[in-house]
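In: what's the 3D shape of this:
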Amino acid sequence: MQVAAQISLFPLRQERLAPAIEEAWRAFGERRVVVEKGGMSTIVIGDEEEVFAAVREGFLRAAKHGAVSMVVTFSNACPV
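Out: Model (predicted):
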């Protein structure tokens with residue numbers, strides 16, 4: 001099944017926000033998914049297994065930079 005995930009990542013108590021966010025983007029880009037970067041969130045579209053794996057890996061890799069909070073909305077009903 002094709003799904004879309006809208007992901008917002010919030011690095012917490014970090015001097016620089018970009019390293020954690022960029023690390024998550026790298027993780028998303030290594031999967032077989034479409035990645036659409038926005039100003040406040042990122043959309044990841046693809047097969048459900050790939051999307052869920054991308055979100056998990058993105059969170060784990062971003063968390064290596066320090067505390068993070070990730071908000072994700074999954075849908076199989078949005079145009080994908």
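
In: In the chain, what residue spans correspond to helices?
Out: 18-29, 48-63 (DSSP state H).

In: And the first one, how far out from the chain middle?
Out: When you say that, I think you mean helix 18-29. 8 Å (Cα atoms, centre = their mean, to the nearest Å).

In: and residue 63, what does it touch?
Out: By Cβ atoms under 8 Å, 6 or more residues apart in numbering, the residues touching residue 63 are residue 20. To be clear about C-beta, it is placed using only N, CA and C from the backbone, and glycine gets the same treatment.

In: mind checking how far it is from residue 6?
Out: Distance from residue 63 to residue 6, counting by Cβ to Cβ, to the nearest Å: 19 Å.

In: can you redo the helices of the chain as CSV with distance to residue 10?
Out: Listed next are the helices of the chain as CSV, based on distance: least, Cβ to Cβ, whole Å:
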stretch, distance to residue 10
helix 18-29, 9
helix 48-63, 10
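
In: Save these as JSON lines, and put in distance to residue 42 and mean pLDDT too.
Out: Formatted as JSON lines, the helices of the chain follow (distance: least, Cβ to Cβ, whole Å; pLDDT from 0 to 100):
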{"stretch": "helix 18-29", "distance to residue 42": "7", "mean pLDDT": "97"}
{"stretch": "helix 48-63", "distance to residue 42": "9", "mean pLDDT": "98"}
